[in-house]
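> sequence plus the predicted model coming up.
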Amino acid sequence: MRGWARLGLIVGLLGSSLAAPGAVDAQALGPVYLVEAGDTLWGIAVKFGLEVNELAAANDMSVNDALSVGRELAIPGFDGISGVLATRPIAFGETLRSISLRHGLDPATLARLNRVVNPERLFTGQDIIYPQGQGDGLLLTEAAPILAARDETDIERSMGTGLSTWTLRAINDRGTRMWTVPGEPIIVPLAGRPTTGLPAALQDMRVDPLPARQGRAAEVEVSLMPPEVVEGMLGPWVLNFEPTEGGRWVALQGIHAMAEPGMIDLTLRVSPGGGGEVFSFSQPVYLASGDYGFDPVLNVPDETIDPATTQPENERVAAVVAPVTPERLWDGPFVFPAGYTESFPSRFGARRNYNGLGYNYYHTGLDFYGGTGTVITAPARGRVVFADALTVRGKTIIVDHGWGVYSAFLHQSEILVAPGDIVEQGQTIGLVGATGRVTGPHLHWEVWVGGVPVDPQRWVERAYP
């Protein structure tokens with residue numbers, strides 16, 4: 001036996017000497033990650049669900065060692081997976097099954113690599129990890145869904161697609177189930193179209209920003225093949241889509257500044273323009289905190305925080321900003337409605353405590369310095385829909401810019417426009433004052449989108465849509 005062992009050692013050494021210089025057994029080493037600019041060992045460890053000491057040990061380095069861009073790091077704990085690992089955000093409509101098809105991976109492999117516990121809760125914008133140019137060779141890489149016909153059999157579908165019935169069942173993860181439900185999405189090969197769970201009529205879709213954030217407007221844009229139409233929901237809010245050029249539909253919707261961070265569902269429903277079968281798809285979107293601060297305690301007259309006063313006034317304003325007019329009157333970024341823009345007394349979203357009763361409120365707009373009589377100008381073109389005095393808001397103007405977007409200007413000393421007036425960007429509309437619930441003269445400017453106040457500064461910093 002000792003002689004056989006010696007012979008085995010000689011053969012092993014000979015085999016090693018015959019290997020190409022520098023050759024690496026990728027399967028033995030597992031996957032690798034190429035360091036990018038800005039990466040840290042700690043951040044890479046978090047990305048792949050590893051302890052930083054574990055990642056350092058696998059690469060024969062210290063946790064304090066510097067990383068150079070382009071360095072290959074072995075990623076331990078993924079036996080059976082090889083290749084260079086990359087990440088990309090999940091697009092709306094993609095599922096674990098469609099992603100596995102797109103990259104030629106078995107879904108179980110993809111789930112293990114990404115530590116997916118619940119495949120149904122992959123969210124739009126979430127980073128998915130996959131091996132570049134590496135797959136199991138089991139599934140197809142270009143596919144798109146069709147809707148199962150009421151009377152079509154698997155054999156008829158097989159004849160129409162050129163695939164065996166068993167292959168179609170494997171692609172669609174149906175196991176031994178021999179039937180399909182009418183209207184069920186069936187993934188089949190379609191050259192030139194990436195795999196998603198969406199119908200072919202929905203050509204493209206994006207959400208901005210991702211993740212969604214408290215106190216900001218979410219812009220949802222879809223591209224449809226005519227004559228399809230689209231409607232949808234973002235969490236509890238109805239998306240009001242407006243058609244634009246080239247088959248594009250855009251919806252703008254504000255996210256409440258005190259909405260609970262976490263997952264909210266984005267649901268789209270696509271239907272033929274003349275009526276017919278509706279395709280519906282829902283996927284989570286992550287809602288992140290707006291990271292708002294706290295204002296000092298404010299002392300105001302008790303009647304201005306009494307629900308008997310505030311509730312009817314809030315309902316009156318909500319009714320004014322509820323209509324979604326189809327004509328978009330503004331173009332490009334908004335401009336500040338007052339001249340003092342180097343600093344602000346209070347910013348949007350700041351949590352507020354009135355009369356020491358607790359931080360149960362938030363600031364619904366952006367405040368500007370300015371004494372009584374300072375000029376107020378329109379931030380964008382629009383139509384005046386409200387001009388009156390209110391108990392809490394004081395003398396108030398509300399301007400409709402179209403598509404569910406409104407501006408409001410509070411606490412004025414004088415109103416210089418009337419309902420029905422069309423105002424242009426930069427036009428004088430009123431004067432700063434100290435009417436309503438205030439501690440001194442200032443302008444309070446609000447922007448409402450889809451019935452929800454959002455941060456006005458964002459509308460100055462960029463153009464919507």
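Structure's in. What do you need?
> is it true that residue 210 touches residue 125?
Yes - with contacts defined as C-beta atoms under 8 Å, residue 210 counts as touching residue 125 at a distance of 3.5 Å. No exception for glycine: its C-beta is placed from N, CA and C like everyone else's.
> any residues in contact with both of those two?
Here residue 210 and residue 125 have 89, 285, 286 as joint contacts, going by C-beta atoms under 8 Å, 6 or more residues apart in numbering.
> shaky segments in the stretch 101-250 of the chain?
By pLDDT under 70, the weakly predicted segments of the stretch 101-250 of the chain are 133-197.
> okay, strands next: where are they in it?
Along the stretch 101-250 of the chain, the segments classed as strands by DSSP state E, counting those that start in this stretch run 127-132, 143-147, 185-189, 202-208, 212-213, 217-224, 229-234, 237-239, 242-243, 248-254.
> out of these, indicate the one that is most buried.
With neighbours defined as mean count of other C-beta atoms under 10 Å, these peak in mean count at strand 212-213, which reaches a mean of 24.
> neighbouring strands - and their directions - for that strand?
Sheet partners assigned to strand 212-213 using DSSP bridges are listed as strand 279-288 (parallel).
> just checking, what packs against the following helix or strand past the strand it pairs with?
Sequence-wise, the next helix or strand beyond strand 279-288 is helix 307-320, with elements assigned using DSSP states H and E. In terms of contacts (3 or more C-beta pairs under 8 Å, 6 or more residues apart in numbering; DSSP states H and E), helix 307-320 is packed against strand 382-390.
> how about the strand it packs on as PDB, C-alpha atoms only?
Extracted C-alpha coordinates of strand 382-390, given in PDB (Å, rounded to 0.1, in the frame of the first residue of the first chain):
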ATOM      1  CA  GLY A 382     -50.200  78.200 -13.300                       C
ATOM      2  CA  ARG A 383     -53.900  79.100 -12.700                       C
ATOM      3  CA  VAL A 384     -55.000  80.600  -9.400                       C
ATOM      4  CA  VAL A 385     -57.700  78.400  -7.800                       C
ATOM      5  CA  PHE A 386     -57.800  79.900  -4.300                       C
ATOM      6  CA  ALA A 387     -57.300  83.400  -2.800                       C
ATOM      7  CA  ASP A 388     -58.800  83.900   0.600                       C
ATOM      8  CA  ALA A 389     -58.100  84.300   4.400                       C
ATOM      9  CA  LEU A 390     -57.900  81.200   6.600                       C
END
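> could I have the buried ones of the shared contacts of residue 210 and residue 125 as PyMOL selection syntax?
In PyMOL, this line selects whichever of these come out buried by 16 or more other C-beta atoms under 10 Å:
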select buried, resi 285+286
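> JSON lines for the shared contacts of residue 210 and residue 125, including pLDDT and distance to residue 295?
Putting the shared contacts of residue 210 and residue 125 into JSON lines (pLDDT from 0 to 100; distance: C-beta to C-beta, whole Å) gives the following:
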{"residue": "89", "pLDDT": "89", "distance to residue 295": "35"}
{"residue": "285", "pLDDT": "94", "distance to residue 295": "29"}
{"residue": "286", "pLDDT": "94", "distance to residue 295": "28"}
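> export the shared contacts of residue 210 and residue 125 to CSV and append columns for distance to residue 378.
What follows is those, written out as CSV (distance: C-beta to C-beta, whole Å):
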residue, distance to residue 378
89, 37
285, 33
286, 35
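> and which of the shared contacts of residue 210 and residue 125 is nearest to residue 256?
Residue 256 lies nearest to residue 285 out of the shared contacts of residue 210 and residue 125, by C-beta to C-beta, at 14.5 Å.
> any weak-confidence spans in the stretch 251-400 of the chain?
Within the stretch 251-400 of the chain, the ranges that satisfy pLDDT under 70 run 274-276.
> count of neighbours near residue 288?
Neighbour count of residue 288, defined by other C-beta atoms under 10 Å: 15.
> ok, back up a step: just the shared contacts of residue 210 and residue 125 now: which is nearest residue 406?
When those are ranked by distance to residue 406 (C-beta to C-beta), residue 285 comes first, at 24.1 Å.
> name all residues that make contact with that closest one.
Residues in contact with residue 285, defined by C-beta under 8 Å, 6+ apart, are 123, 124, 125, 207, 210, 211, 212, 234, 263, 264, 265, 266.
> if you set the cut-off to 6 Å instead, what comes out?
Contact criterion C-beta atoms under 6 Å, 6 or more residues apart in numbering gives 123, 124, 212, 264, 266 as the residues in contact with residue 285.
> look up how far residue 447 lies from the most centrally placed residue in the chain.
For the chain, the residue sitting closest to the mean C-alpha position, by C-alpha atoms, centre = their mean, is residue 210 at 3.3 Å. Taken as C-beta to C-beta, to the nearest Å, the spacing of residue 210 relative to residue 447 amounts to 21 Å.
> and if you look at residue 382?
Residue 382 sits 11 Å away from residue 447, taking C-beta to C-beta as the criterion.
> who has more neighbours out of those two?
Comparing residue 382 with residue 447 by other C-beta under 10 Å, the one with more neighbours is residue 447, at 28 against 24.
> need the strands of the stretch 101-250 of the chain in a markdown table (columns: distance to residue 94).
Compiled in a markdown table, these are given as follows (distance: least, C-beta to C-beta, whole Å):
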| stretch | distance to residue 94 |
| --- | --- |
| strand 127-132 | 8 |
| strand 143-147 | 12 |
| strand 185-189 | 12 |
| strand 202-208 | 10 |
| strand 212-213 | 18 |
| strand 217-224 | 15 |
| strand 229-234 | 17 |
| strand 237-239 | 20 |
| strand 242-243 | 25 |
| strand 248-254 | 20 |
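> closest one to residue 109 among those?
Judging those by C-beta to C-beta, what sits closest to residue 109 is strand 127-132, at 9.0 Å.
> figure out how far that closest one is from the centre of its chain.
19 Å (C-alpha atoms, centre = their mean, to the nearest Å).
> one more: stretch 312-320?
Taking C-alpha atoms, centre = their mean, one finds stretch 312-320 lying 29 Å from the centre of the chain it belongs to.
> buried residues, it. List them.
Buried positions in stretch 312-320, judged by neighbour count with 16+ other C-beta under 10 Å: 313, 317, 320.
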